[in-house]
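A.B. asks: The following block contains a protein sequence and its predicted model.
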Amino acid sequence: MAKESFDKEIQFLRMLVLTSGAYSRQQFASRLGISVHTFDKTIKRLKDIVSTVHQGLPYEQSKEFAETICYSYYDSTDPLLLFLFRAKSLKESESQRISLLLAAMQERPLTAMELLDACCSSLDAGLPMPDEKTVRSDLKYMEAVGVIKREPGPRPYRYRIHNDLIRELSHEELLDLYDFVDIMANTQVPSVQGYLLRDGLKKQISRSHRSGRGDVTEPYLYKYHYYSRILDEAHLFTLLDCIRQRRKVSFLYFSPKSARSYAARSTNPLFERESEGRQESTLPLKVVYDHQYGRWYLLAYDTRQGIRKYRLEGMTAIAAGESVAEEQFVKRRGELEEKIRHSWLIDTGRPVTVRARFYNPGHSMPNFIKERVLLQGQWGRITDEDENSFTYEIVVNGTIEIKPWLRSFGSSCEVLEPTALRLEMITEWKELQTYYESLRENI
């Protein structure tokens, strides 16, 4: 699939889940910045992907796309929207061609010319026939991602399937590896590559089952609800690669406050319109993941505005640019680390000391409040403690990012300093109280 098309489908799926299908076709198209016709084509494309990944989908559940992608919500251990990654990177002709090349290498190692002959003899008549350059490009791609391996020896080089690990493991070892990958993919970030590896292992175990060596069971059932986290991993490795190579990136950015989250690329200059997105060109320095909200952030350096922060969910049409000198990159990276040294997450504001009193649960209960503060409190420290409460102190860049964490403790946390944060918390709790007053009076 084309890069632009995948960006569109990412934003499409994100909005579909966040709105629970409540938007009409016109509202959806307007929010995405596309026509209703393009909206319908996107729906059709995504339905095709779903039907390919989930064979045997009941006809009734294919009528509405929202029902289609949620048809087995509790029965499936796959995170919703992951199916898009299985179809994102290859066009139909590329997919069939690479499948034929892999099938030809199953039996024995083959040269590029032998693979070209095997591919041309099996490819559908309606698809374009590849040339030697195309096949060599496919081999280079598959070798780079570790799917195939070049055999040692003189030219012409021979290539074979790189599945040594799978072949050497017993059925019981495959089951253990599958369980380990399943746990790590569902509890660690990033996860998409782990899910794809898990799918490959599951297929191998299924082959063993057909040969009479046992069945694969699902000992765990996970359901992750931060859909954007999975979708944003489409951009993650592109950005990490640019950071490693010290290369700038350009992209069209839609801020969280923007009325649109995507803009279709105009192909007719007569109907060209100004996009609500903002074209950015910047030097990526670091990618940060927010566990609390399931969001990815890019921290980058801009020559005019200094350190900039972007949410990956608003980035589209990402392209790598020119590289910068190592000295310049190290300097900018050092500046960033100094600015976020006291950041709860990515805040680069003025450092402030936050003090809060945490109240312990009952004497007969485990002190889960203190355990959580010690686990999640980062570099903060407990400065005073008695049998009923303890005081926690930390220096952070601003209070915006730490406030949700403090608020999550409810009545077990009392903010002491700074005064401004204490007053903000008082105002918020009073507002919450008003929501329940009439209900309590009626009771």
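C.D. replies: Received, thanks.
A.B. asks: what about dumping the CA coordinates of the lengthiest strand in the chain to CSV?
C.D. replies: The longest strand of the chain (DSSP state E) is strand 278-290. In CSV, the C-alpha atoms belonging to strand 278-290 read as follows (Å, rounded to 0.1, in the frame of the first residue of the first chain):
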residue,chain,number,x,y,z
ARG,A,278,1.3,22.2,9.4
GLN,A,279,4.3,21.2,7.4
GLU,A,280,7.3,20.5,9.7
SER,A,281,11.0,19.8,9.1
THR,A,282,12.9,19.0,12.2
LEU,A,283,15.8,17.0,13.7
PRO,A,284,14.4,14.1,15.8
LEU,A,285,16.2,13.5,19.1
LYS,A,286,14.1,11.2,21.2
VAL,A,287,10.9,9.2,21.3
VAL,A,288,9.0,9.0,24.6
TYR,A,289,6.1,6.8,25.5
ASP,A,290,3.5,7.9,28.0
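A.B. asks: tell me how far that strand is from the chain's mean position?
C.D. replies: 15 Å (CA atoms, centre = their mean, to the nearest Å).
A.B. asks: what does stretch 146-155 give?
C.D. replies: Using CA atoms, centre = their mean, the offset of stretch 146-155 from its chain centre is 32 Å.
A.B. asks: if we can go back for a sec, check which helices and strands the longest strand of the chain is in contact with.
C.D. replies: helix 227-244, strand 247-253, strand 295-302, strand 306-311, helix 326-339 (3 or more CB pairs under 8 Å, 6 or more residues apart in numbering; DSSP states H and E). For glycine as for every other residue, the C-beta is placed from the backbone atoms N, C-alpha and C.
A.B. asks: pLDDT weak spots in the stretch 151-300 of the chain?
C.D. replies: Scanning the stretch 151-300 of the chain for pLDDT under 70 picks out the ranges 208-218, 222-225, 258-276.
A.B. asks: what residues are up against residue 378?
C.D. replies: 344, 394 (CB atoms under 8 Å, 6 or more residues apart in numbering).
A.B. asks: quick one: it is in a strand?
C.D. replies: No: Residue 378 is assigned coil when assessed by DSSP: H, G, I helix; E, B strand; the rest coil, not a strand.
A.B. asks: Next, the closest residue to residue 402 other than its chain neighbours: secondary structure please.
C.D. replies: Distances taken as CB to CB, 6 or more residues apart in numbering put residue 344 closest to residue 402, at 4.6 Å, once the chain neighbours are dropped. Per three-state DSSP, the secondary structure class of residue 344 is coil.
A.B. asks: Check which residues of the helix or strand encompassing residue 173 are buried.
C.D. replies: In this assignment (DSSP states H and E), residue 173 forms part of helix 171-187. Under the neighbour-count criterion of 16 or more other CB atoms under 10 Å, helix 171-187 has 174, 175, 177, 178, 179, 181, 182, 185, 186 buried.
A.B. asks: so the first one touches residue 168, yeah?
C.D. replies: No: between residue 174 and residue 168 no contact is recorded; they are 10.2 Å apart, counting by CB atoms under 8 Å.
A.B. asks: on that earlier part again, check which strands are paired with the longest strand of the chain and give the direction for each one.
C.D. replies: Within its sheet, strand 278-290 is paired with strand 247-253 (antiparallel), strand 295-302 (antiparallel), according to DSSP bridges.
A.B. asks: ok, residues contacting the last one?
C.D. replies: Under the contact criterion CB under 8 Å, 6+ apart, strand 295-302 has outside partners 226, 228-229, 232-233, 235-236, 239, 249, 280, 282-290, 307-313, 315, 332, 335-336, 340, 345-346.
A.B. asks: distance between that strand and the chain's centre?
C.D. replies: The answer for strand 295-302 is 15 Å, by CA atoms, centre = their mean.
A.B. asks: Repeat that for stretch 325-344.
C.D. replies: Put simply, stretch 325-344 sits 25 Å off its chain's centre (CA atoms, centre = their mean).
A.B. asks: buried residues in it?
C.D. replies: If you call a residue buried by 16+ other CB under 10 Å, then stretch 325-344 has these buried ones: 329, 332, 333, 336, 339, 340, 342, 343, 344.
A.B. asks: same check, this time on stretch 415-427
C.D. replies: In stretch 415-427, counting by 16+ other CB under 10 Å, buried: 415, 421, 422, 424, 425.
A.B. asks: Need those residues in JSON lines (columns: pLDDT).
C.D. replies: Putting the buried residues of stretch 415-427 into JSON lines (pLDDT from 0 to 100) gives the following:
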{"residue": "415", "pLDDT": "96"}
{"residue": "421", "pLDDT": "96"}
{"residue": "422", "pLDDT": "96"}
{"residue": "424", "pLDDT": "95"}
{"residue": "425", "pLDDT": "95"}
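A.B. asks: Which of those fall in helices?
C.D. replies: 421, 422, 424, 425 (DSSP state H).
A.B. asks: Farthest pair within those?
C.D. replies: 422 and 424 (7.3 Å; CB to CB).
A.B. asks: What helix or strand is residue 107 located in?
C.D. replies: Using DSSP H and E, residue 107 sits within no helix or strand.
A.B. asks: Offset the numbering so it begins at 325, please.
C.D. replies: Taking 325 as the first residue, the last one we looked at is residue 431.
A.B. asks: The buried residues of stretch 739-751: which two are farthest apart?
C.D. replies: Going by CB to CB, the pair spanning the buried residues of stretch 739-751 furthest: 739 and 748, at 8.4 Å.
A.B. asks: So what touches stretch 675-683?
C.D. replies: So stretch 675-683 is contacted by 666, 693-694, 697, 704, 707, 712-723, 726, 730, 733, 735-742, 745 (CB under 8 Å, 6+ apart).
A.B. asks: CSV for the buried residues of helix 495-511, including distance to residue 460?
C.D. replies: Below are these laid out as CSV (distance: CB to CB, whole Å):
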residue, distance to residue 460
498, 33
499, 38
501, 33
502, 34
503, 39
505, 32
506, 36
509, 33
510, 38
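A.B. asks: quick one: which of these is nearest to residue 758?
C.D. replies: Closest to residue 758, out of all of those and judged by CB to CB, is residue 510, at 39.9 Å.
A.B. asks: distance of that closest one from residue 697?
C.D. replies: Distance of residue 510 to residue 697, computed by CB to CB, to the nearest Å: 26 Å.
A.B. asks: same check, this time on residue 557
C.D. replies: Taken as CB to CB, the spacing of residue 557 relative to residue 697 amounts to 31 Å.
A.B. asks: Return the subset of the contacts of stretch 675-683 lying in helices.
C.D. replies: Mapping the contacts of stretch 675-683 onto helices (DSSP H) picks out 693, 694, 697, 730, 745.
A.B. asks: Which other helices and strands does the strand or helix carrying residue 426 contact?
C.D. replies: Assigned by DSSP H and E, residue 426 belongs to helix 416-428. Where contact means 3+ CB pairs under 8 Å, 6+ apart, helix 416-428 is packed against helix 436-446, helix 456-468.
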